[in-house]
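S.K.: Could you work out the structure for the sequence below:
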Amino acid sequence: MARKQSERRTRERVAAIAAEGGDDEPPERPAKRKPRKRTWPYVVTLVAACGAIFVAILYSRFLSELPDVNSLLVNGPSRAITILDDRGRLIAQRGLTQGVMVDVTALPSYVPNAFIAIEDRRFRENIGIDPIGIMRAAFENMMQGHVVQGGSTLTQQLAKNLFLQPQRTFERKIEEAVLALYLESRYSKDQILTLYLNRVYFGAGVYGIEAAAERFFGKHAAQLSLPEAAMLAGSVKAPAHYNPLADPDASQARANVVLRAMQDGGYIDARTCEEAQATRSRIVRGTATPGSGYFADWVISQIPGYVGDAKEALIVDTSFDLDAQAEAERAVTAGLDEDGNSFDASQAALVAMTPDGAVRAMVGGRSYEDSPYNRATDAQRQPGSAFKPFVYLAAFEHGHSPDDLMDDAPVDIHGWRPGDFEGEYQGEITLTKAFADSSNSIAAQLTAQVGPAVVARTAKRLGIDTPLLAVSSLALGTSVVTPLELTAAYAPFANGGDGVTPYGIIRIRTKSGKVLWQRKAPAPDQVMSPDNLAKMTTVMAQVVETGTGKAARLDNRPSAGKTGTTQDYRDAWFVGFTADLVCGVWVGNDDNAPMKRATGGKLPAHIWKTFMENAEAGLPVRPLAGQTIAAASQPAQKPAESDGLQQLLDKLFSGT
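M.R.: Numbering: from 1, shown residues only. So this is what the prediction gives:
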């Protein structure tokens, strides 16, 4: 309208000018303004295209780093390892990751449905990720103030188990989602469920539905009952806590949750749910003790060195004795429960072996469930005075004898002034008494005489493999050792003087009976002379008779050993032996914190005695090897006069 009015006014003005006869030219009509082009649709399109390209590149990068998934459904070789004790009793089963792969269609329908009901109710409908589940979990976590639910689908859990590390990071969750979509594009729902059930962890070292069914219930997965299936499905949330062996009551309670979820999902009716909840599943327990895992881990670590990367199920026969192990665990637990707090001691380790090095019991800590770290084989601690047998053996090999007299007094060795326990010195005493009372001064003097390097070589000859610092303080056990190697280094004192290598594996065979490896007894390796063995037995027996290890003395059985206590009471030891067993006990704290005046003659000696008395109950009493040698070397005694002749002589000299 405004435009028309403007044009009309212009025409009127032109007409007026023309009427007046003016010479002015009419003004030019203003040019029409061109309409402005709209560019934002092009920008949005460009950004979307770039985003799509970026996502495609990112997705392709993830895919390029994935292993070939075409072989995931191929049934791999079983690598199950069954470990048996010396009487064929089950210690542990490990490596059950790929047993016999079970197809989900071969299982009763309630088995996979139990997992779907509790882990991913929309598994059959979702595309590998579940936005509804994610939002539900996020809302619940927000209401609770912490993580109580997860939004992962079964496919995401499978992706994590197959390809990813367990860290909880945002990047990991993105990778998990991408991988889940990828798996959904390659496999059917039944195939994904098959992969999941054969890879998921159930606790107690068991992976896969078939291995779990065998381990917990003694049957094949296809034979699982509804309550058993619910129990296995429930354990997936927290395998260490909910697996049937860890806590049967907690596992049963969790199974009831699964059964209610199955009812809510329409997989079972109310009556079936009630009947299943009222049924108590029969759990098959192995004969192994709770702490047998320390020995099992040690054995597992050695198998590749004997048979390489085995491609089939193995049976490992060992030297282990589950009865002795039970006694060892009881002794350690009782000792720490009764006196651990008073000494500020939180951990202990015990190793027991026959004099030829066959490990019979191994306690690597207070609780394998709480801490599978094996202190018996891996903890390197200072032995303190428990190292002195190697000092005295070196001294005897250089001319000393147990009856030699030395001055237990302050010494200064190149500025090093070792103090005696309690700061008391006894003056001139025999080497037997010096050893029994654990004189630091005399041990230091003997080391100075023969040389620290000689002492180090002597210890190595007897079985100490950890590198030793050849310095004066070596006399007092300042170089670290493990309980296993220190105990094995005492074995020559018990077996007549032959060096040993501790062992636990006797034979490795396949389930079909093929022997892959068999231990052969090594040739005798004498590491000390019979004469020096007899001398060492004399001084070590005196430790438990009158010395620092009196608390370890066995009432009706010859024994010998040595206590050990390190600076600030950080480590306490007792290592000793009889004719049948060599046993080492260590007590301390993982963080190397000092204890409260905990010496080797106290808690370690008590644990040692408790174990040895129970482990050797019923065995015939035999003298120590060194005592037998000493007795054989004594000169023959004159035959005693007959009682009748002695009585006659007595009468003659008495005048009657």
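
S.K.: Please, where are all the strands along this structure?
M.R.: Assigned by DSSP state E, the strands in the chain fall at 81-84, 90-94, 201-203, 206-207, 314-318, 347-353, 359-363, 405-408, 427-430, 505-510, 515-518, 560-565, 571-577, 582-588.

S.K.: partners of the fourth one, with directions?
M.R.: Spelled out, that is strand 206-207. Paired strands of strand 206-207, with direction, are strand 201-203 (antiparallel) (DSSP bridges).

S.K.: what does the strand it pairs with rub up against?
M.R.: Contacts to strand 201-203, defined as C-beta atoms under 8 Å, 6 or more residues apart in numbering, come from residues 161, 207-208, 211-212, 215-216, 232, 235-236, 239-243, 245-246. C-beta: built from backbone N, CA, C; applies to glycine.

S.K.: Repeat that for stretch 424-440.
M.R.: By C-beta under 8 Å, 6+ apart, the residues outside stretch 424-440 that reach it are 385, 388, 392, 395, 400-410, 418-421, 441-443, 475-476, 538-540, 542-543, 545-548, 562-563.

S.K.: State the distance from Q156 to Q325.
M.R.: 41 Å (C-beta to C-beta, to the nearest Å).

S.K.: My error: substitute L336 in the last question.
M.R.: Distance from L336 to Q325, by C-beta to C-beta: 17 Å.

S.K.: Who has more neighbours out of these two?
M.R.: Under the criterion of other C-beta atoms under 10 Å, the comparison of L336 against Q325 puts Q325 first, with 27 against 20.

S.K.: Show the contacting residues for the closest residue to that one other than its chain neighbours.
M.R.: Closest residue to Q325 apart from its sequence neighbours, by C-beta to C-beta, 6 or more residues apart in numbering: A361 at 4.5 Å. Contact analysis of A361 by C-beta under 8 Å, 6+ apart lists F295, F320, D321, A324, Q325, E327, A328, L350, V351, A352, F611, A615.

S.K.: Have a look at the protein and report the helix or strand with the lowest mean pLDDT.
M.R.: In the chain, no helix or strand scores lower on mean pLDDT, DSSP states H and E than helix 643-654, which sits at a mean of 46.

S.K.: which residue ranges form the helices in the stretch 501-650 of the chain?
M.R.: Along the stretch 501-650 of the chain, the segments classed as helices by DSSP state H, counting those that start in this stretch run 530-545, 603-615, 625-633, 643-654.

S.K.: among those, which gets the worst mean confidence?
M.R.: For those, mean pLDDT drops lowest on helix 643-654, to a mean of 46.

S.K.: related to what we said a few turns ago, how close does the residue nearest to Q325 get to R282?
M.R.: Applying C-beta to C-beta, the value for A361 to R282 is 30 Å.

S.K.: got a list of what L486 touches?
M.R.: Taking C-beta under 8 Å, 6+ apart, we find L486 in contact with P383, A386, I464, W573, V575, G584.

S.K.: mind listing what D370 touches?
M.R.: By C-beta under 8 Å, 6+ apart, no residues touch D370.

S.K.: go on, N592?
M.R.: Neighbouring residues of N592 by C-beta under 8 Å, 6+ apart: R570.

S.K.: Then P594?
M.R.: By C-beta under 8 Å, 6+ apart, P594 lies in contact with D344, D568, Y569, R570.

S.K.: Leaving out sequence neighbours, find the closest residue to it.
M.R.: In this structure, P594 finds its nearest non-sequential neighbour in D568, 4.2 Å apart by C-beta to C-beta, 6+ apart.

S.K.: Same question for R553.
M.R.: Nearest to R553 is V544, by C-beta to C-beta, 6+ apart, at 4.3 Å.

S.K.: Near that neighbour, how many residues? Count them for me, please.
M.R.: V544: 27 surrounding residues under other C-beta under 10 Å.

S.K.: The one 3 residues further on now?
M.R.: The criterion is other C-beta under 10 Å. On that basis, G547 has 23 neighbouring residues.

S.K.: I303 versus the residue lying closest to V480 once chain neighbours are set aside, what's the distance?
M.R.: Distances taken as C-beta to C-beta, 6+ apart put Q380 closest to V480, at 3.9 Å, once the chain neighbours are dropped. Q380 is 24 Å from I303, where distance means C-beta to C-beta.

S.K.: Settle it for me: which of the two has more neighbours?
M.R.: Shown here are Q380 and I303; by other C-beta under 10 Å, I303 has more neighbours (21 against 12).

S.K.: Quick check: the more buried one vs D309, distance?
M.R.: Counting by C-beta to C-beta, the separation of I303 from D309 is 10 Å.

S.K.: quick check, nearest of the contacts of A361 to T599?
M.R.: In terms of C-beta to C-beta, no member of those lies closer to T599 than L350, at 17.4 Å.
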